[in-house]
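**Student:** next input, structure requested:
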Amino acid sequence: MNPKQATPPAPLITVQDVYYILFRHKFLIGVIAGLGAIVALLVYLFYPVVYTSEAKLMIKYVVETKPLAEAGSDAQVTTLSGQQDAILNAEVDMLTSFDVAEEVAKTIGPAKILAKTTQGTNLLQAAMLVQNSLTTDPSRRGDDIRIVFSHRDPEMVEPILNGIIAAYENEHTEVRRPKTQDALQPGVDQLTAKLKEAEENLETERTNIGIVAPVEDSKRTAGERIAKTEAELDDVIVNLQAETATIKAMKKAIGAPAVVATNAPVAPAEAPPSRDVVEQYNRVCALLASLQSKEQDLLSWTTTNNRTVQENQKEITNTETQRKLLEKQNPGLLVIKTLQTASSASSAPLVLDPLSALNEETIKLDGLQARYQMLTNLLANEKARATVIEANESRLVDLEDESKQYRATVNTYRQRLGEAQLNDVLGPGSSEIKIIEKPTPPVGNIGVVKKMYQGALFGGLALALGLPFLIELYLDQSLKRPADIQSKLGVPFFVNMPKIKTTPSLKTLKGEKKVPLLPETAGDLPRPEATAPSPTPTDGPLAPWDQRHALRPFFETLRDRLMTYFEVINLTHKPKLVAVTSCREGAGVTTTAAGLASALSETGDGNVLLVNMNARDGEAHHFYRGKLTCGLEEALEKDKRNAACVQDNLFVAKDSEVNANLPRVLPKRFSNLVPKMRASDYDYIIFDMPAMSQISITPRLARYMDMILLVIESEKTDRDAAKRATNLLLESKSNVGVVLNKSREYLPRRLQQDI
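**Tutor:** Numbering: from 1, shown residues only. Below is the predicted model of the structure:
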């Protein structure tokens, strides 16, 4: 079993990790950084430079005039103070209006304004460009406005800004100076006549329909009245049903006939109890109801085991006994109780005369029926009224809108007329716009372009450096280096075997599934007693035990570290059973097992047996003419294992029961073979095991092994899958070691750490 190892601390990223990530993703970094540099260059070369010019205006306006007695004096002009924000905002709206922009476009010409943009001559497009390129900044501490205009053509910035100021002054003069009284009076008279006509038409239409308020108010009122009537009608229906049920129950309780006359006396079935008895009965019933309510409140937060609950239940039992005793001694109480139960809406105490109560309920029923009929008729009338309003809604809305428009226009003209009349007496109002700062020479926004291409350059560089770390630390969860094995799995690490590139003369890992471990040209194999000559090499691929195999030094390193590990844990018995497995197909288990077996066979005179435990025979194991010709049981017997010898001290066999039933029958049969293995003359028995999975036989056979080597395929095996496989193997109390296969070195030789 593995020696207990301390859980490694949470690893921090080291300088070696930074080197590894950068060199592993150097092409990705280069591509992204290059794209960022290209974008930055394109921005620098082709992004249009926009030129700006700015000016400042000061607004003054007449806010007071001299009294009528001093009409001959000059008007007083003051700067904006209390009304500053409102008036300046109005001036800004006027300055940035489309009317001003359109006037500038007409004056300068659309072709000049659009010369370096769309090369068009559309007046509307030129006006929109002027409006969108103009920005204003009203001062919050004074009465000035800062104007900034931007354009691609430096020669057009100042002329356009001057044109904007001139057009704004014209617009300001036209808006701020009202028309004279003579020009406004005819318009006021004409609009007043139209307003009167519109109001008369509206009043006539409302009279025909039967409303006096606006259509929206009338609709809302009609809806509210319908809803109120329906609610009252629903209440009456509920009360009718309740009264009907009450009268029916009362008739049944006192034995009354089907039709009860109001003045017809009916004797009760039982003599009514005295008033004192009734009052005592009412108190008992009220006490019982109070105790039951208290019980419900207690049970909402405690249980029946509570002492208070138990005492309350005793009081309920005593009170119920007292109530039943009163009902037994006074049968008339049962009749009165039935009457009150039937009338559930009533909360009055028990009555003494059931017949009188029945007559009262009958009178109530007649009143409810009359009210039901009245509400039904009222609801029908309200719905008819709402239907008429809805049918004429469109006509009414049009007339109301027309009247509102005429009224608003008349009010505006009357206001202007009053201003004109005042100006005729006091003199015309005046407004003044002063240019504090004329339009400045155009200045290009080189700083904006610089920020853009610098952002593209450094942003691409940041993405190029950040994306590899994001991939390595979060997205790619595979095991890649020995450091990952030691920090994530916490089991002994034996050797790191590199990924060998395939060449025409030497094919190793990449085509391993089709590489025969012994070429077919080897002929008949020699017996173990004889000296086994080395197979004659051919132009075909090499077997893992060939001395020229590229991974041969790593197989020998794995052998030495495995033997050292056995010595450290004081494992001296023979044969030693070693299983080689992986987390996924194609990790290089077969090559690793064969190379390890070959290296172990060269350490002494002892024999080494390599056993194929994979169900897919022939797919990855071509030992002799494409087949394994010797079974496991035959290989354990000296006189039957001649066909299993592939070189000195190295024997290769397969399990004879490798078939579809292997996962079910193999563990039991394997346990029977263990004594034979222990009694054999092999020093090591290497098992080429299937990959770990839910149905794999490897976890079930792990307890028989002295060592299990888990082959991790670099950059392909997920760390969580490897962790689960390691934990599953450790549960069998076996020794587990890790071999990292097909790893790639990305760092330069001077930065590599081979240990």
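**Student:** which other helices and strands does the lengthiest helix in the chain contact?
**Tutor:** Looking across the chain with DSSP state H, the single longest helix is helix 215-254. Judged by 3 or more Cβ pairs under 8 Å, 6 or more residues apart in numbering; DSSP states H and E, helix 215-254 is in contact with helix 332-342, helix 354-391, helix 393-426. In this view, the C-beta of every residue, glycine as well, is placed from N, C-alpha and C.
**Student:** how about that helix: buried residues?
**Tutor:** 215, 218-219, 221-222, 225-226, 229, 232-233, 236, 239-240, 242-243, 246-247, 249-251, 253-254 (16 or more other Cβ atoms under 10 Å).
**Student:** for stretch 720-727, same thing?
**Tutor:** So for stretch 720-727, counting by 16+ other Cβ under 10 Å, buried means A721, A722, K723, A725, T726.
**Student:** that one: how far from the chain's middle?
**Tutor:** How far stretch 720-727 lies from its chain's middle: 31 Å, per Cα atoms, centre = their mean, to the nearest Å.
**Student:** where does pLDDT dip in the stretch 351-500 of the chain?
**Tutor:** The model of the stretch 351-500 of the chain has pLDDT under 70 over residues 351-355, 419-432.
**Student:** my bad, the stretch 601-750 of the chain
**Tutor:** Checking the stretch 601-750 of the chain against pLDDT under 70 turns up 615-629, 655-667.
**Student:** repeat that with 80
**Tutor:** For the stretch 601-750 of the chain, the stretches with pLDDT under 80 are 604-606, 614-634, 637-644, 646-647, 654-672, 694, 747-750.
**Student:** quick one: the strands in it, in order.
**Tutor:** 607-612, 645-647, 650-654, 682-688, 707-713, 736-743 (DSSP state E, counting those that start in this stretch).
**Student:** export those strands to a markdown table and tack on distance to V49 and mean neighbour count?
**Tutor:** Below are the strands of the stretch 601-750 of the chain laid out as a markdown table (distance: least, Cβ to Cβ, whole Å; neighbours: other Cβ atoms under 10 Å):
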| stretch | distance to V49 | mean neighbour count |
| --- | --- | --- |
| strand 607-612 | 75 | 26 |
| strand 645-647 | 78 | 22 |
| strand 650-654 | 78 | 25 |
| strand 682-688 | 71 | 24 |
| strand 707-713 | 56 | 27 |
| strand 736-743 | 53 | 22 |
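**Student:** for the ones you listed, which one sits closest to T376?
**Tutor:** Taking Cβ to Cβ, strand 707-713 is the member of the strands of the stretch 601-750 of the chain nearest to T376, at 86.8 Å.
**Student:** the closest one packs against which elements?
**Tutor:** helix 552-568, strand 576-582, helix 589-601, helix 719-730, strand 736-743.
**Student:** tell me which of the ones you listed lies nearest to E360.
**Tutor:** The nearest among the helices and strands packed on strand 707-713, by Cβ to Cβ, is helix 719-730 at 83.3 Å.
**Student:** CA atoms only for the closest one, dumped as PDB, please.
**Tutor:** The C-alpha trace of helix 719-730 is given here as PDB (Å, rounded to 0.1, in the frame of the first residue of the first chain):
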ATOM      1  CA  ARG A 719      -7.400  15.900 -13.700                       C
ATOM      2  CA  ASP A 720     -10.700  15.100 -12.100                       C
ATOM      3  CA  ALA A 721     -10.900  11.800 -14.000                       C
ATOM      4  CA  ALA A 722      -7.400  10.900 -12.900                       C
ATOM      5  CA  LYS A 723      -8.200  11.800  -9.300                       C
ATOM      6  CA  ARG A 724     -11.200   9.600  -9.400                       C
ATOM      7  CA  ALA A 725      -9.300   6.700 -10.900                       C
ATOM      8  CA  THR A 726      -6.500   7.100  -8.300                       C
ATOM      9  CA  ASN A 727      -8.900   7.100  -5.400                       C
ATOM     10  CA  LEU A 728     -10.700   4.000  -6.900                       C
ATOM     11  CA  LEU A 729      -7.300   2.200  -7.100                       C
ATOM     12  CA  LEU A 730      -6.300   3.300  -3.600                       C
END
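**Student:** let's number from 23 now, not from 1
**Tutor:** Sounds good: first residue 23 from here, last item helix 741-752.
**Student:** which secondary structure elements does that helix contact?
**Tutor:** helix 504-510, helix 720-723, strand 729-735, strand 758-765.
**Student:** mind listing what the third one pairs with, with the direction of each?
**Tutor:** Spelled out, that is strand 729-735. strand 598-604 (parallel), strand 758-765 (parallel) (DSSP bridges).
**Student:** show me the contacts for V432.
**Tutor:** Shown in contact with V432 (Cβ atoms under 8 Å, 6 or more residues apart in numbering): V210, L213, T214, L217.
**Student:** of these, which belong to helices?
**Tutor:** Per DSSP H, the contacts of V432 map to helices at V210, L213, T214, L217.
**Student:** what about A486, distance to H47?
**Tutor:** 9 Å (Cβ to Cβ, to the nearest Å).
**Student:** sorry, that was for K218
**Tutor:** 84 Å.
**Student:** between those two, which one's more packed in?
**Tutor:** More crowded of K218 and H47, by other Cβ atoms under 10 Å: H47, with 20 against 13.
**Student:** how far away is the closest residue to the more buried one other than its chain neighbours from D39?
**Tutor:** Spatially, and ignoring its direct neighbours in sequence, H47 is nearest to P490 (3.7 Å; Cβ to Cβ, 6 or more residues apart in numbering). Going from P490 to D39 by Cβ to Cβ gives 11 Å.
**Student:** got any ranges where the stretch 23-172 of the chain has weak pLDDT?
**Tutor:** In the stretch 23-172 of the chain, residues with pLDDT under 80: 23-36, 38-39, 66-71, 81-112, 137-143, 159-165.
**Student:** residue boundaries of the strands in it?
**Tutor:** Counting by DSSP E, counting those that start in this stretch, the strands of the stretch 23-172 of the chain are 73-86, 98-101, 156-160, 166-173.
**Student:** what about the ones you listed, which gets the closest to Q335?
**Tutor:** Short answer: strand 156-160, nearest of these by Cβ to Cβ, at 79.8 Å.
**Student:** buried sites along that closest one?
**Tutor:** L156, T158, P160.
**Student:** how about the contacts made by the second one?
**Tutor:** T158 makes contacts with V114, L117, T118, I167, R168, I169, V170, as judged by Cβ under 8 Å, 6+ apart.
**Student:** got the contact list for stretch 217-230?
**Tutor:** V234, N414, R417, L418, L421, E422, E424, S425, Y428, R429, V432.
**Student:** save those residues as JSON lines, and put in distance to R438 too.
**Tutor:** Below are those laid out as JSON lines (distance: Cβ to Cβ, whole Å):
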{"residue": "V234", "distance to R438": "33"}
{"residue": "N414", "distance to R438": "36"}
{"residue": "R417", "distance to R438": "32"}
{"residue": "L418", "distance to R438": "31"}
{"residue": "L421", "distance to R438": "26"}
{"residue": "E422", "distance to R438": "25"}
{"residue": "E424", "distance to R438": "22"}
{"residue": "S425", "distance to R438": "21"}
{"residue": "Y428", "distance to R438": "16"}
{"residue": "R429", "distance to R438": "15"}
{"residue": "V432", "distance to R438": "11"}
